[in-house]
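In: mind looking at a prediction? Sequence and model below.
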Amino acid sequence: MKNYKKLLSVLALTTVTVFSSCNPENEVPVIGQGEGKMGIAFVLKNNTMSTAGARVENSSLTIEEGFIQIKELELELEGRNENGKFEKEIEIEFNDIKKITFNEFDRSVDFFINIPEGEYKEIELELDLIDYRNEPSIYFQGTFTDDEEISTPFQFKYFGDDIDFEVEIEADDDNYFRVDRINNPLALFELSAINWLRNVSSIEMQNAERTDGVILITKESNRSLYNKIKKNIEESSEIEVELD
């Protein structure tokens with residue numbers, strides 16, 4: 001099993017690991033069309049800083065629970081096979097919304113995508129979020145502890161589908177990487193939500209409006225905090241991964 005070099009864009013606060021996988025049919029279900037297989041796995045983490053140089057302005061913020069909800073996956077493929085170079089777009093809408101929760105090992109949300117066998121220059125993936133059954137697209141809750149050691153719970157809720165997570169997996173320089181029945185790259189998406197709070201200050205949290213003792217951060221409540229966190233999420237939604 002071979003590990004590949006990871007290159008993250010400057011603003012990316014999400015990490016992706018890509019490695020070769022063996023016997024994919026025994027691990028996760030397969031969807032899509034084609035004979036090549038590329039795996040997608042998810043890890044949503046709460047209190048681990050994943051990017052060098054990133055930091056939380058307020059170290060008294062912790063995240064305990066949360067989730068994102070994924071509606072569909074869009075792929076743009078650029079590669080070559082025995083018939084020459086090709087470009088292809090694949091759109092996969094899940095029968096059931098995929099709900100990715102914090103720090104919970106759930107293989108049911110992992111899957112392999114069937115794509116054409118061949119050598120690939122670049123694969124672009126876009127995860128489209130959705131609010132579903134009155135639950136937001138992005139949700140997390142945690143605790144703010146002020147200088148007097150008084151703790152207050154907070155919640156962040158984002159409804160809508162304007163935020164998408166995009167990943168570009170490309171070959172190094174002018175090379176190609178192969179995807180077929182034997183070579184099955186597996187992309188592990190690790191989202192560290194604590195980075196979404198990286199420039200939220202203690203003063204902002206201290207002055208935030210409370211609703212029944214909870215700091216609600218939504219489009220309607222504490223809008224300045226909401227807009228700041230939403231911007232952080234948007235800035236961390238694009239990733240580049242380069243394969244040697």
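Out: Arrived safely.

In: elements contacting the helix ranked longest in the chain?
Out: Here the longest helix in the chain is taken by residue count, with DSSP state H as the criterion, and it is helix 223-235. Using 3 or more C-beta pairs under 8 Å, 6 or more residues apart in numbering; DSSP states H and E as the contact criterion, the secondary-structure elements in contact with helix 223-235 are strand 151-158, helix 202-206, strand 215-217. The way it works is simple: take the backbone N, C-alpha and C, and place the C-beta from them, glycine included.

In: and that helix, what's buried?
Out: 225-226, 228-230, 232-233, 235 (16 or more other C-beta atoms under 10 Å).

In: ok, back up a step: dump the helices and strands packed on helix 223-235 to TSV, plus mean neighbour count, mean pLDDT and distance to residue 84.
Out: As requested, the helices and strands packed on helix 223-235 are exported to TSV (neighbours: other C-beta atoms under 10 Å; pLDDT from 0 to 100; distance: least, C-beta to C-beta, whole Å):
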stretch	mean neighbour count	mean pLDDT	distance to residue 84
strand 151-158	18	96	43
helix 202-206	16	94	56
strand 215-217	23	98	51
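
In: what is residue 186 paired to in the beta sheet?
Out: Following DSSP bridges, residue 186 is listed with bridge partners residue 19, residue 39.

In: tally of neighbours for it?
Out: 21 (other C-beta atoms under 10 Å).

In: surely it touches residue 41?
Out: Yes. The pair formed by residue 186 and residue 41 meets the contact definition of C-beta atoms under 8 Å, at 6.4 Å.

In: which stretches of the chain aren't confidently modelled?
Out: Residues of the chain meeting the criterion pLDDT under 70: 1-33, 46-59, 103-109, 238-244.

In: if you set the cut-off to 80 instead, what comes out?
Out: 1-34, 40-59, 102-111, 172-174, 185-192, 236-244 (pLDDT under 80).

In: and the biggest strand by length in it, what does it pack onto?
Out: When the chain is parsed with DSSP state E, its longest strand is strand 61-81. If contacts are counted by 3+ C-beta pairs under 8 Å, 6+ apart, strand 61-81 sits against strand 36-45, strand 84-101, strand 111-115, strand 118-129, strand 138-145.

In: rerun at 6 Å
Out: strand 84-101, strand 118-129, strand 138-145 (3 or more C-beta pairs under 6 Å, 6 or more residues apart in numbering; DSSP states H and E).

In: which phi and psi does the residue located most distally from the centre of the chain have?
Out: Each residue of the chain has a distance to the centre, and by C-alpha atoms, centre = their mean the biggest one is for residue 148: 35.0 Å. Per-residue torsions, residue 148: phi -100, psi 10 (degrees, to the nearest 10).

In: count of neighbours near residue 209?
Out: For residue 209, the number of neighbouring residues by other C-beta under 10 Å comes to 12.
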